[in-house]
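**Student:** Show me the folded form of this:
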Amino acid sequence: MELSTDVIKLIETTYRELKTSMANDYKGLIDIGRAIGGIGALMYIITKIWGSLLRSEPIDFVPLIRPFIILQLITFSNAFCESLDRMGEGVLQISNTNVGQMSLKIQESIKKREQALQKSNENAKDKNGATFTEQDKITDISAFSFLSELGAAYDQFIAKIELAIDKFLINILSAVHDVCYILMILVSVFFRLLLRVVAPIAFGIAIWDGFTNNIFEWVGKYLNYTFLPFAAGIYATIISKIEVIYLNAQLQDYTNSGEDSVTGILILMILSIVGYFFVPTAANMIISVGGVSQVTSGLGRMTSSTISSVKRETIGRIVK
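**Tutor:** Residues are numbered from 1 along each chain as shown. I've put the predicted structure just below:
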C-alpha cells in the first residue's frame, strides 16, 4: 500500500497545482460567463417587469435579486469551488486512512497464511528426513532411501511452486484492487477540474429561463465527484474486511484440518474488482440534483408567498 499511498499523494499534489494553473489559463471564461449571464439577467428582469406591468400587478423585486447573486457567483466561482473541495479533502483523508489500515490487515493475514504453510512444509520435511534415517538404519538399502528422499524433495518443490503461484496471484489481484481505487480518485480529479473550468459558463446559462436548474445540476455533479473517492473508500473498506475475515477463517481451518485452498480468496478479489464498476453509480446517489431543485423551488415559493402576504397585510393596514 506504500506505493499506492505515494501515487494518491502525487495525484492530490497535481490536482492542487492544476486547479491553480487552469484558473489562470481559463480566466477568460469568467468574462464569457459574465457576458452570458448579463444578457440573461437583462432579459430576465425585462420579462418579469414587463409581465407585471401588462397585468397591472405590483412588481415583485425579490426574484429580481437572483440574477445579481448568480453574477457575483460567476466572479467568485474559484472560491466557491474551493469551499466545496474543502469538504471533499476531509472525507478523502478519512477514506485513505481506513483503506490503508485495512490493506495492512490483509497483508498481515496473507503473511500469516504463508508462514503457516511454510512451517507445515518444513515439519513434513523434517518428519520425512527422520523416517528415512530410521529406515536406513534398519534396512540399509541405499536405493530405497535415495528414491524416498527424491520423492520428498519433489513434494517440497511442488509445494514451494504452488505457494509461489498463490502468492503471485494474490499480489497481482491486490495490485489491481489498489489500481481501481486510485482510478476512482483520478476520475474524481478529472471531472472536478473540468467542472471548475466550465463553472462560469454554467452559472451564466443558469440565469436564462429554461436553464434555471443548471446551477443545481452543476453543484450536484461537483459534489458527487468530490465524494466519489469517499464512496470508493467505503467500498474498499467493506471488501477488505470481508477478505480479512475469510483469510483468518481459512487459516483456522488449515490449523485444524491441514486443508488449504486459495480459490476462495481469489474469487473474492476478482468480485471486489468487478464491484468497482458500480462505485460511480453509488456516488451519484449521494446528492440528488432533482431533490436539490425541488427543495430550492419550494423554499422560493414559500419566501414569495410570505412576502406577498406581508405586502397585502401592510397595504390593508395603510388603507384602513
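
**Student:** how about low-confidence regions in the stretch 51-200 of the chain?
**Tutor:** Residue ranges of the stretch 51-200 of the chain with pLDDT under 70: 95-107, 109-110, 112-160, 162-163.

**Student:** Show me where it has its helices.
**Tutor:** All helices of the stretch 51-200 of the chain, identified by DSSP state H, counting those that start in this stretch, fall at 65-75, 77-139, 142-205.

**Student:** Output the shortest one as PDB - backbone C-alpha positions only.
**Tutor:** Once non-C-alpha atoms are left out, helix 65-75 reads as follows in PDB (Å, rounded to 0.1, in the frame of the first residue of the first chain):
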ATOM      1  CA  ILE A  65     -32.200  39.700  -6.900                       C
ATOM      2  CA  ARG A  66     -31.400  36.200  -8.200                       C
ATOM      3  CA  PRO A  67     -29.600  37.200 -11.400                       C
ATOM      4  CA  PHE A  68     -27.300  39.600  -9.500                       C
ATOM      5  CA  ILE A  69     -26.500  36.800  -6.900                       C
ATOM      6  CA  ILE A  70     -25.500  34.400  -9.800                       C
ATOM      7  CA  LEU A  71     -23.400  37.100 -11.500                       C
ATOM      8  CA  GLN A  72     -21.500  37.500  -8.200                       C
ATOM      9  CA  LEU A  73     -21.100  33.800  -8.100                       C
ATOM     10  CA  ILE A  74     -19.500  33.800 -11.500                       C
ATOM     11  CA  THR A  75     -16.900  36.300 -10.300                       C
END
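
**Student:** Contacts for it, please.
**Tutor:** Helix 65-75 is contacted from outside by 30, 33-34, 37-38, 40-41, 44-45, 80, 199-200, 203-204, 206-207, 215, using Cβ atoms under 8 Å, 6 or more residues apart in numbering. (Each C-beta comes from the backbone N, C-alpha and C, glycine too.)

**Student:** at 7 Å instead, please
**Tutor:** 30, 33-34, 37-38, 40-41, 44-45, 80, 200, 203-204, 206-207, 215 (Cβ atoms under 7 Å, 6 or more residues apart in numbering).

**Student:** In that helix, which residues are buried?
**Tutor:** Buried residues in helix 65-75, counting neighbours by 16 or more other Cβ atoms under 10 Å, are found at 66-67, 70-71, 73-74.

**Student:** List just the nearest of the residues you listed to residue 223.
**Tutor:** Proximity of the buried residues of helix 65-75 to residue 223, judged by Cβ to Cβ, is greatest for residue 73, which lies at 15.7 Å.

**Student:** which strands and helices sit next to the helix or strand containing residue 279?
**Tutor:** Per DSSP states H and E: residue 279 is located in helix 279-283. Contacts defined by 3 or more Cβ pairs under 7 Å, 6 or more residues apart in numbering; DSSP states H and E place helix 279-283 against helix 228-257.

**Student:** Report the rounded mean pLDDT for the helix it packs on.
**Tutor:** Helix 228-257 comes out with an average pLDDT of 79.

**Student:** What is the helix or strand following that helix packed up against?
**Tutor:** Next along the chain after helix 228-257, taking DSSP H and E as the criterion, comes helix 263-275. Applying 3+ Cβ pairs under 7 Å, 6+ apart, one finds that helix 263-275 makes contact with helix 142-205, helix 228-257.

**Student:** now the ones you listed in a markdown table, with distance to residue 278?
**Tutor:** Output for the helices and strands packed on helix 263-275, formatted as a markdown table (distance: least, Cβ to Cβ, whole Å):
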| stretch | distance to residue 278 |
| --- | --- |
| helix 142-205 | 11 |
| helix 228-257 | 8 |
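
**Student:** and residue 13, which of those is closest to it?
**Tutor:** helix 142-205 (10.8 Å).
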